[in-house]
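A.B. asks: sequence-free structure coming up:
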Ligand code: GTP
Ligand code: SPV
Ligand code: MN
């Protein structure tokens, strides 16, 4: 460690941090340790290292770089992500766990000497706005400059707040190594990829990976530690966007949070044209002094899916991706120093370098699968403040007051585009019953298979499902004015094609916003409240100058009783295998099945027209 690094550590005056750094330096055996603070010089240094070490390559546009992950490291590795538990403790069969002592022994043996010949970086961050009651401090140790560079854009700096800790230990820490690298600079030993969540130690070990969902400590690894903390402390830690809805002519901002499984619409919803974004992936929600729910973005950047970002569907993001600024592309095609991706709606070259390596159209991988020009989970990393539609409350230490919560999934044949719950606990039930078709955000598995994903947070849960649901129910009971809870579904299909256009979500948003302000009546159905035809007709006309027909309304909003009952039977089976599911949740489930059975009996149809209620 050089003098400069040593003095940065000294200034923290924290023996816990010193011990952690010595422990992992001894274990990982780097040739050198570099400690960073919040200064501009250190930000610039990280940026420079990322390209000098070849983890990123500069592109034609100023500030843009590209990073590649190994071909088999293109998404989160659920199979090798384990929650460490002491012998004899159980949380849920649905969660991937490992015996703590065994896993620690294994991970320490993988870490042994893993940084030989490399540098070890130490950097400090803050989850949530700095110096707020939401702030959680995090220490990142990594041998990857790409990981640090990503975190510099995605998270707020934390060195100064660490100085204020006065020797205390209340922070998370993350130990990462990309492991041995191939000649292309990507992780070599994917078979030894491990992500071990040690709740007891408030730490996560992650090795032999680079894909940010696996490597970046502050993102989904910290989410898991924070879920545990929030459950112990009665606040919520969610896989949610935070946005401000601003309907023209209304003169108000109405804040929503929303949970959708990975690659199912959080960024797209937070980026609806004309609205304001606070965050697109992770939110902490606490009760404010006035008894209302307040949400912050845990992050300050976007690690967003690039597929389908084009001037029509995502004009603002497209603009930021095609103009100079600090930005990392990952796993896209590069030809003549320009990036290309799927669904960008411009002409794309038939060759170049991508996540596979040298690529020409038609290239097949070892499994005989055609390699597309970019990965479906290719992403971009940038600061939210680069966007023109950032909400002024982005760094508000009190958060933004939440008036609406939206749950959504990728559902081709069961749920209508938008419904409102009967109240908070019915809303919790709706969130806890999300089913969604699987996407490319996780490695392995098949795309498009239906899976249950409570609150879009199952991948990150570290506490029993029953406890997590109970925490949600209790949170609502403690609010003076609970947000209205809605569910959306952007993905209904007919004959294999999506029924709705991507822009239609703006109409559902304006309806929800209007409901919050008491401007629309709604129709009560067995699954919740749905919009009246006339109201949607008016919003479609005002927003898009489009005439929304009776027939379209009926097609979208018919209550598919048969499919809905089938789904609830699946959900019921799942919950029957869980311990300690709150009575209030079971009651909601039984009631909803009962209402659907009654409607089926009365109408003698598999799908009931909204005009029949
Ligand atoms: P994570 O970052 O993985 O947590 O995902 P996310 O929830 O932020 O997903 P995002 O909004 O980036 O959406 C992912 C994919 O869904 C993109 O490929 C979009 O094109 C697609 N998508 C978003 N909205 C719609 C929609 O209304 N209709 C259809 N058909 N596709 C959509
Ligand atoms: C997700 O998969 O939900 C993401 C991307 O937001 S990752 O960083 O991989 O978690
Ligand atoms: Mn996510």
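C.D. replies: Arrived safely, thanks for sending. The structure displayed is predicted, hence computed values, not measured ones. Ligands and ions are numbered 1, 2, ... in the order given.
A.B. asks: In the stretch 351-500 of the chain, what residue lies closest to ligand 1?
C.D. replies: residue 490 (3.4 Å; Cβ to the nearest ligand atom). In this view, the C-beta of every residue, glycine as well, is placed from N, C-alpha and C.
A.B. asks: thought that residue was touching residue 415?
C.D. replies: No - Residue 490 lies out of contact with residue 415 (Cβ atoms under 8 Å); the separation is 10.4 Å.
A.B. asks: neighbour-wise, which of these two wins?
C.D. replies: In terms of neighbours (other Cβ atoms under 10 Å), residue 415 is the more surrounded of residue 490 and residue 415; the figures are 27 against 23.
A.B. asks: and whichever helix or strand residue 451 is part of, how far from the chain's centre?
C.D. replies: For residue 451, the host element (DSSP states H and E) is strand 450-452. Averaging C-alpha positions (Cα atoms, centre = their mean, to the nearest Å) puts strand 450-452 17 Å from its chain's average.
A.B. asks: Do a quick rundown of the strands in the stretch 501-613 of the chain.
C.D. replies: With DSSP state E, counting those that start in this stretch, the ranges of strands along the stretch 501-613 of the chain come out as 522-525, 528-531.
A.B. asks: Over to the stretch 251-400 of the chain?
C.D. replies: Under DSSP E, counting those that start in this stretch, the stretch 251-400 of the chain gives strands at 254-259, 276-279, 283-287, 293-297, 301-305, 327-330, 333-335, 338-340, 351-354, 357-360, 379-383, 400-408.
A.B. asks: What of the stretch 1-150 of the chain?
C.D. replies: So, for the stretch 1-150 of the chain - with DSSP E, counting those that start in this stretch - the strands run 32-35, 57-58, 64-67, 81-85, 97-99, 119-127, 136-142.
A.B. asks: Could you point out which of those strands sits nearest ligand 1?
C.D. replies: Here strand 81-85 is closest among the strands of the stretch 1-150 of the chain (Cβ to the nearest ligand atom), at 15.4 Å.
A.B. asks: Do that closest one and ligand 2 come into contact?
C.D. replies: No - shown here: strand 81-85 not in contact with ligand 2 (Cβ under 6 Å from any ligand atom), separated by at least 10.8 Å.
A.B. asks: average pLDDT for that strand?
C.D. replies: Taken as a whole, strand 81-85 has a mean pLDDT of 98.
A.B. asks: picking that back up, for the strands of the stretch 501-613 of the chain, give me CSV that also has distance to ligand 2, mean pLDDT and mean neighbour count.
C.D. replies: Formatted as CSV, the strands of the stretch 501-613 of the chain follow (distance: least, Cβ to the nearest ligand atom, whole Å; pLDDT from 0 to 100; neighbours: other Cβ atoms under 10 Å):
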stretch, distance to ligand 2, mean pLDDT, mean neighbour count
strand 522-525, 31, 98, 16
strand 528-531, 26, 98, 24
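A.B. asks: Tabulate those strands (a markdown table), appending distance to ligand 1.
C.D. replies: Converted to a markdown table, the strands of the stretch 501-613 of the chain look like this (distance: least, Cβ to the nearest ligand atom, whole Å):
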| stretch | distance to ligand 1 |
| --- | --- |
| strand 522-525 | 22 |
| strand 528-531 | 17 |
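A.B. asks: which helix is the longest one in the protein?
C.D. replies: Criterion DSSP state H: the longest helix present in the chain is helix 583-603.
A.B. asks: Mind listing residues that contact that helix?
C.D. replies: 425-426, 428-429, 432-433, 469, 473, 525-527, 559, 561-562, 564-565, 568-569, 571-572, 575, 606, 608, 612 (Cβ atoms under 8 Å, 6 or more residues apart in numbering).
A.B. asks: Now do the buried residues in it.
C.D. replies: 584-585, 588-589, 592-593, 595-596, 599-600 (16 or more other Cβ atoms under 10 Å).
A.B. asks: In JSON lines, list the strands of the stretch 1-150 of the chain along with mean neighbour count.
C.D. replies: Output for those, formatted as JSON lines (neighbours: other Cβ atoms under 10 Å):
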{"stretch": "strand 32-35", "mean neighbour count": "20"}
{"stretch": "strand 57-58", "mean neighbour count": "15"}
{"stretch": "strand 64-67", "mean neighbour count": "24"}
{"stretch": "strand 81-85", "mean neighbour count": "22"}
{"stretch": "strand 97-99", "mean neighbour count": "17"}
{"stretch": "strand 119-127", "mean neighbour count": "24"}
{"stretch": "strand 136-142", "mean neighbour count": "24"}
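A.B. asks: Dump the ones you listed into TSV; add distance to residue 223 as well.
C.D. replies: Shown next, in TSV, are the strands of the stretch 1-150 of the chain (distance: least, Cβ to Cβ, whole Å):
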stretch	distance to residue 223
strand 32-35	25
strand 57-58	29
strand 64-67	22
strand 81-85	12
strand 97-99	17
strand 119-127	9
strand 136-142	11
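A.B. asks: Between those, which one is closest to residue 497.
C.D. replies: Residue 497 lies closest, by Cβ to Cβ, to one member of the strands of the stretch 1-150 of the chain: strand 64-67, at 33.2 Å.
A.B. asks: Okay, now the sheet partners of the closest one, with direction.
C.D. replies: strand 57-58 (antiparallel), strand 327-330 (parallel) (DSSP bridges).
A.B. asks: Tell me how far the shortest one lies from the chain's centre.
C.D. replies: On the basis of Cα atoms, centre = their mean, strand 57-58 sits 26 Å off its chain's mean C-alpha point.
A.B. asks: Quick check, the residue in the stretch 401-550 of the chain closest to ligand 3?
C.D. replies: As assessed by Cβ to the ion, ligand 3 sits closest to residue 441 within the stretch 401-550 of the chain, at 7.0 Å.
A.B. asks: who in the stretch 351-500 of the chain is up against ligand 1?
C.D. replies: 441, 490-491, 498.
A.B. asks: Let's see if you can find the most crowded of these.
C.D. replies: Counting neighbours by other Cβ under 10 Å, the top entry in these is residue 490, with 23 neighbours.
A.B. asks: Might you report the residue contacts of residue 83?
C.D. replies: 91, 95-98, 197, 199, 224, 462.
A.B. asks: Repeat that for residue 461.
C.D. replies: Applying Cβ under 8 Å, 6+ apart to residue 461 gives the contacts 92, 94-95, 224, 227, 454, 468.
A.B. asks: change it to 10 Å
C.D. replies: 83, 91-92, 94-95, 223-224, 227-228, 231, 239, 453-455, 467-468 (Cβ atoms under 10 Å, 6 or more residues apart in numbering).
A.B. asks: ditto for residue 377
C.D. replies: 69, 74-76, 211, 213, 262-263, 305-307, 330-331, 355, 439-443.
A.B. asks: Sort out which of those residues are buried, if you could.
C.D. replies: 69, 74-76, 211, 213, 262-263, 305-307, 330-331, 355, 439-443.
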